[in-house]
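>>> Turn this into a model:
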Amino acid sequence: KAIGHRENRWMQDVNHCVSKALVENNPKHTLFVLEDLSGIRNATERVKTKDFYVSVSWSFYDLEQKLIYKAKQNQSSVIKVDPHYTSQCCPICGHTEKANRNKKIHLFTCKNCGYKSNDDRIGAMNLYRMGINYLVDSQVPDTVVTE
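Below you'll find the predicted structure:
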C-alpha cells in the first residue's frame, strides 16, 4: 500500500513537472493539442500481460487536468482531438492505411507516397495539423475544447 501511495505521488509530481515545462517553454496564447484518451483503459484488454502495467499505470487524466489549469494561467488553450489514425495517416499525402505503420520498429512508411518517419513523430505531426486546422477553421471534427 505504501508503495502505491509513493508511486502515485511520484506520478503526480512528474505530471506537474511536465505540464509546468510545457507551459513555461511556450509563449502565451499557445494552443496545446492532446489526443482524447478517454476510454483508453478499455483498450488495454488487448495488451500483452507483460505490457499491461505500463499501459494502465500512467495518469493521463491527471496530466491533462494539470496542463489545462496551467495553460489557463498562461492565457493558453487546450483542445482534445480524436486519436484514431493519427499514427497511420500520412502527413504529406493524407493516405491512411494500417499497413503504413510498423508498431514493432516504430516506423511509418506511406504506401502511397513512400514518406518515411518515426510513427510517434507522424502522430505528433498530425496533431499539429489538427491544431492548425482548429485555429484556421475554429472547428476540427471530434474536437473537445477544454474550459
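
>>> Which parts of this structure belong to which domain?
1-77, 82-147 (automatic domain parsing).

>>> Take those and write them to CSV, including mean neighbour count and mean pLDDT.
Where you see a C-beta, it was placed from the backbone N, CA and C, and this is true even at glycine. Formatted as CSV, the domains of the chain follow (neighbours: other CB atoms under 10 Å; pLDDT from 0 to 100):
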stretch, mean neighbour count, mean pLDDT
domain 1-77, 13, 84
domain 82-147, 15, 91
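
>>> ok, Tyr119 touching Thr109?
Let me fix one detail, which is that residue 119 is Asp and not Tyr. No: Asp119 is beyond contact range of Thr109, at 9.5 Å (criterion: CB atoms under 8 Å).

>>> overlap in contacts of the two?
Common neighbours of Asp119 and Thr109, using CB atoms under 8 Å, 6 or more residues apart in numbering, are Asn102.

>>> ok, now which ones touch Gln12?
Counting by CB under 8 Å, 6+ apart, Gln12 touches 59, 62.

>>> now with 10 Å?
Applying CB atoms under 10 Å, 6 or more residues apart in numbering to Gln12 gives the contacts 59, 62-63, 66.

>>> and these as CSV, adding distance to Asn74?
Listed next are these as CSV, based on distance: CB to CB, whole Å:
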residue, distance to Asn74
Ser59, 22
Asp62, 19
Leu63, 16
Lys66, 13
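
>>> Of these, which is the nearest to Ala124?
Comparing the contacts of Gln12 against Ala124 with CB to CB places Leu63 closest, at 16.0 Å.

>>> hmm, which two among the contacts of Gln12 are most spread apart?
Every pair in those was compared (CB to CB); the two farthest apart turn out to be Ser59 and Lys66, at 9.5 Å.

>>> Now do the shared contacts for the two.
By CB under 10 Å, 6+ apart, Ser59 and Lys66 have these common neighbours: 12, 15.
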